[in-house]
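>>> give me a 3D structure for the following:
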Amino acid sequence: MGEQRVERRLAAILSADVVGYSRLMGANEVGTLRALKTLRKELIDPAIAKHGGRIVKLTGDGILIESASAVDAVACAVEVQRVVARRNAGTPQERRIEYRIGINIGDIIVDGDDIYGDGVNVAARLQALAEPGGIWISGTVLEHVRDKLPFAFADKGEQAVKNIARPVRVYALDADAVAALSGVEAALAEPGSTRRSHPSRMWLVVGGLAAALILAAGLSWTVFKPAQHVSEGARSAARLSIVVLPFASFGGETGQDYLADIITEELTTSLARLPKSFVIARSTAFTYKGKNVSVKQLHDELGVRYVLEGSEQHDGKRVRINAQLIDAESGAHVWGDQFDADRADLLQMQDEIVTRLSRTLKLQLVDIEAARIAQSTPGDLNAEDLAMQCSAGFLKAQFAASRVDQAYALCERALRLDPHNVRALVELSFRSIDRVLDLSTTDRDGDLRRANDYLERALALAPNNAVAHFARSELLVAERRFDEAIDEAHQALALDPSLVNAYSSLSLATAYSGEAAKTVEYTDRAMRLSPRDRQLFLFQFIQGFALALLGADERAIVVLRRAAAGAPQWPLPRAMLASALANAGAADEAREALAEYLALGGRTPRTIAQWTAQIPSNNPTFRKEAARLSDGLRKAGMPEE
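Numbers count the residues shown, from 1 in each chain. Coordinates of the predicted model:
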């Protein structure tokens with residue numbers, strides 16, 4: 001009698017497991033099991049079914065899925081990671097259920113409902129290598145999806161995996177890349193002819209060209225079509241619509257243009273996080289690489305308002321990035337800058353350049369759009385226009401009370417027009433939070449309550465809005481919930497690494513937790529990432545505050561002088577400066593700084609009793625360090641009562 005024939009077939013295998021499963025079960029067994037079941041029932045199983053996958057087996061912490069299509073398997077993985085990330089928004093890090101996923105294509109052995117073989121083993125090994133929230137695929141999978149899905153997988157090179165004879169070429173989509181997929185890419189990951197992410201915006205995938213429809217409040221439908229049909233629509237290009245052209249590389253080394261490509265990809269991803277932006281997918285942008293194309297042609301073909309182009313030049317140990325922003329409608333150059341970095345640590349240098357460039361560009365875009373809007377007649381202004389002017393006005397205000405009030409008035413008008421405008425909700429939350437943090441509030445509980453209400457509404461509308469999470473981090477600092485504030489700041493930075501301002505709440509929370517040395521490190525990083533930031537004075541103040549807590553008065557004086565010069569209407573830097581000068585023995589200068597502080601007026605503390613009553617933390621280390629500051633103010637001449 002012959003041997004029973006072994007059934008084999010070629011399949012795409014998706015392996016997923018829960019990160020830190022044992023830790024989660026140890027902390028809360030019943031709650032973890034309940035959360036896993038809910039997650040599977042409501043989100044994961046529907047995603048698998050939608051993409052035609054078959055669940056082969058379930059373990060306590062893992063899922064093995066078979067699919068006939070690599071494209072379906074990858075699209076399923078992206079959707080799973082996106083919906084899980086959305087569910088995790090607002091959940092403390094230690095309670096989050098996160099998956100890592102590996103995908104391979106290979107020959108499998110079929111035994112009833114189960115499957116075996118190297119095809120399965122490689123998927124499991126890739127899953128073990130993936131980071132939380134990320135997806136690792138084999139080179140064979142990439143070959144099947146390269147021209148069918150617009151996801152920018154990073155090349156991880158050849159990896160030796162356990163019990164597999166030959167190294168496996170591996171490509172990765174990390175958690176940040178998954179979270180930051182542009183509107184078009186996300187729509188492809190979550191199929192359907194239309195997808196509504198916000199009441200004022202709808203994305204629609206159109207044909208083979210990566211294109212979209214945007215419905216923005218107050219704007220007519222703008223249709224982006226192939227070149228021969230799009231000119232009319234392009235003339236009404238949506239605000240903040242942009243293409244990042246592939247950066248040129250000038251280094252004289254063949255095959256060394258990878259850094260320019262990385263910068264292009266990362267900028268595309270970063271700008272896609274800008275609220276109400278429309279960023280052309282990198283898969284389309286890269287079709288223009290090396291081609292001599294005019295901005296007018298890009299405007300007509302892609303329907304964008306702005307074109308960002310630039311170059312990377314490396315010479316020995318240094319890298320220089322030049323970038324310029326062009327108005328595609330007029331051809332005018334509206335912004336340009338140059339960024340230099342040390343090439344010694346390539347990965348850190350790459351991240352810092354992209355972070356600095358993307359932050360600067362985002363602020364510039366808000367300014368440009370606000371100026372464009374300001375030229376409109378009042379009747380043309382809608383909620384998002386007003387909110388954008390509010391953002392731009394606040395950035396320029398630098399604690400000048402009249403300009404701050406004017407900026408917030410614009411946000412209030414925006415909210416009256418559209419109660420669901422996320423930008424306006426978040427900006428208005430800062431008004432109440434700042435009053436508490438700069439010690440000028442006359443209604444602490446009321447301000448905290450108002451800020452919380454604004455942020456609850458904003459995060460319900462946009463749970464992955466990085467600025468909203470940053471605002472919540474500041475609110476938690478104001479509420480003296482420092483551990484939670486630190487977690488929230490990290491979440492904001494995970495959603496948008498170029499959101500340098502999130503380091504302010506992170507730095508303050510660590511100082512109030514008795515870790516002022518960490519505060520100095522965080523503010524150093526923020527100032528290195530954005531050395532010409534318009535709010536550099538804020539980090540200088542926080543760093544000076546931390547240095548004064550640590551007794552490093554001479555260093556504190558240097559940075560506090562810079563903070564006071566950068567924000568001449570803000571009283572607090574002068575109070576800290578007066579204390580540091582007095583503790584350093586510079587009595588005359590300390591009295592002068594204190595007089596300047598008191599002359600600025602406002603509702604900030606005027607006596608030692610008022611000052612000590614405002615100390616925000618009961619941490620013993622911080623209380624001891626803060627006593628130095630009070631002593632310094634006393635020496636500078638601040639009255640006791």
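>>> pLDDT at I137, what is it?
Looking at I137, its pLDDT is 92.
>>> that one touches L126, doesn't it?
Yes. Applying Cβ atoms under 8 Å, one finds I137 in contact with L126, separated by 6.9 Å. To be clear about C-beta, it is placed using only N, CA and C from the backbone, and glycine gets the same treatment.
>>> more neighbours: which of the two?
I137 (32 against 29; other Cβ atoms under 10 Å).
>>> so the more buried one is in which element?
strand 135-138 (DSSP states H and E).
>>> what's that strand in contact with?
With contacts defined as Cβ atoms under 8 Å, 6 or more residues apart in numbering, strand 135-138 is touched by 74, 77-78, 81, 100-105, 122-123, 126-127, 129-130, 145, 153, 156, 168-173, 178.
>>> ditto for stretch 469-485
By Cβ under 8 Å, 6+ apart, stretch 469-485 touches 89, 92, 426, 429-430, 433, 436-437, 447-448, 451-452, 455, 458-459, 486, 488-489, 491-492, 495, 499, 501-502, 504-506, 508-510, 512-513, 616-617, 619.
>>> with adjacent residues omitted, what lies nearest to L267?
V244 (5.0 Å; Cβ to Cβ, 6 or more residues apart in numbering).
>>> any idea how far the residue positioned nearest the centre of the chain is from V467?
Taking Cα atoms, centre = their mean, the centroid of the chain lies closest to D496, which sits 0.9 Å from it. Remark: distance between D496 and V467 (Cβ to Cβ, to the nearest Å) = 8 Å.
>>> sorry, back to before: helices or strands next to the next helix-or-strand element following the strand holding I137 in the packing?
Counting by DSSP H and E, the element after strand 135-138 in chain order, helix or strand, is helix 139-145. Counting by 3 or more Cβ pairs under 8 Å, 6 or more residues apart in numbering; DSSP states H and E, the packing neighbours recorded for helix 139-145 are helix 70-88, strand 99-111, strand 168-173.
>>> kindly reformat those as CSV containing mean pLDDT, distance to A556 and mean neighbour count.
Output for the helices and strands packed on helix 139-145, formatted as CSV (pLDDT from 0 to 100; distance: least, Cβ to Cβ, whole Å; neighbours: other Cβ atoms under 10 Å):
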stretch, mean pLDDT, distance to A556, mean neighbour count
helix 70-88, 87, 39, 23
strand 99-111, 88, 44, 22
strand 168-173, 86, 43, 21
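>>> so which of those is nearest K317?
strand 168-173 (28.3 Å; Cβ to Cβ).
>>> listing partners with orientation, what would you give for the closest one?
Here strand 168-173 has these sheet partners by DSSP bridges: strand 135-138 (antiparallel), strand 154-159 (antiparallel).
>>> go through these and pick out the most buried.
strand 135-138 (a mean of 30; mean count of other Cβ atoms under 10 Å).
>>> only whichever of the contacts of stretch 469-485 are buried, select them in PyMOL.
Remark: buried members of these, expressed as a PyMOL selection using 16 or more other Cβ atoms under 10 Å:
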select buried, resi 89+426+429+430+433+436+437+447+448+451+452+455+458+459+486+488+489+491+492+495+499+501+502+504+505+506+508+509+510+512+513+616+617+619
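>>> can you tell me which of the contacts of stretch 469-485 are in helices?
Among those, the ones falling in helices (DSSP state H) are 426, 429-430, 433, 436-437, 447-448, 451-452, 455, 458-459, 486, 488-489, 491-492, 495, 502, 504-506, 508-510, 512.
>>> what residues of stretch 56-66 count as buried?
56, 61-66.
>>> show me which pair in those residues is furthest apart.
D61 and E66 (19.0 Å).
>>> state the number of residues packed around V307.
Neighbour tally, V307, other Cβ under 10 Å: 25.
>>> right, I mislabeled it, should have said E521
14.
>>> mind telling me what element it is part of?
helix 516-529.
>>> name the helices or strands packed onto the very next helix or strand once past that helix?
Moving toward the C-terminus from helix 516-529, the next helix or strand (DSSP H and E) is helix 536-550. Packing partners of helix 536-550 (3+ Cβ pairs under 8 Å, 6+ apart): helix 502-512, helix 516-529, helix 553-566, helix 572-583, helix 620-636.
>>> the residue nearest to F286 when sequence neighbours are not counted: what secondary structure?
Leaving aside its chain neighbours, F286 sits nearest to P246 (5.6 Å; criterion: Cβ to Cβ, 6+ apart). Applying DSSP: H, G, I helix; E, B strand; the rest coil to P246 yields a three-state assignment of coil.
>>> quick one: P246 and A260 touch, right?
Yes. Assessed by Cβ under 8 Å, P246 is found in contact with A260 at 7.0 Å.
>>> name the spans of the stretch 151-300 of the chain whose pLDDT lies under the cut-off.
The stretch 151-300 of the chain contains residues with pLDDT under 70 at 161, 163, 165, 179-239, 251-258, 273-276.
>>> pop the domain breakdown of this protein in here.
For the chain, automatic domain parsing gives the domain ranges 7-179, 192-373, 376-499, 515-641.
>>> any idea which of the ones you listed scores lowest on pLDDT?
Among those, domain 192-373 scores lowest, with a mean of 63.
>>> and the closest residue to Q540 other than its chain neighbours, how many neighbours?
Nearest residue to Q540, sequence neighbours excluded (Cβ to Cβ, 6+ apart): A563, at 3.8 Å. Neighbour count for A563, taken as other Cβ under 10 Å: 24.
>>> check contacts around A563.
537-538, 540-541, 544, 570, 573.
>>> now list the buried members of the residues you listed.
Applying 16+ other Cβ under 10 Å to the contacts of A563 flags 537-538, 540-541, 544, 570, 573 as buried.
>>> those into a markdown table, with extra columns for distance to L149?
Shown next, in a markdown table, are the buried ones among the contacts of A563 (distance: Cβ to Cβ, whole Å):
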| residue | distance to L149 |
| --- | --- |
| F537 | 45 |
| L538 | 41 |
| Q540 | 45 |
| F541 | 46 |
| G544 | 49 |
| W570 | 49 |
| P573 | 51 |
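>>> with these in mind, which one is nearest to L10?
For those, the nearest to L10 is L538 (57.1 Å; Cβ to Cβ).
>>> what sits closest to the closest one if chain neighbours are left out?
S504 (5.6 Å).
>>> gap between that neighbour and D447?
18 Å.
>>> sorry, back to before: so can I have JSON lines of the helices and strands packed on helix 139-145 showing distance to T268?
Shown next, in JSON lines, are the helices and strands packed on helix 139-145 (distance: least, Cβ to Cβ, whole Å):
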{"stretch": "helix 70-88", "distance to T268": "17"}
{"stretch": "strand 99-111", "distance to T268": "23"}
{"stretch": "strand 168-173", "distance to T268": "14"}
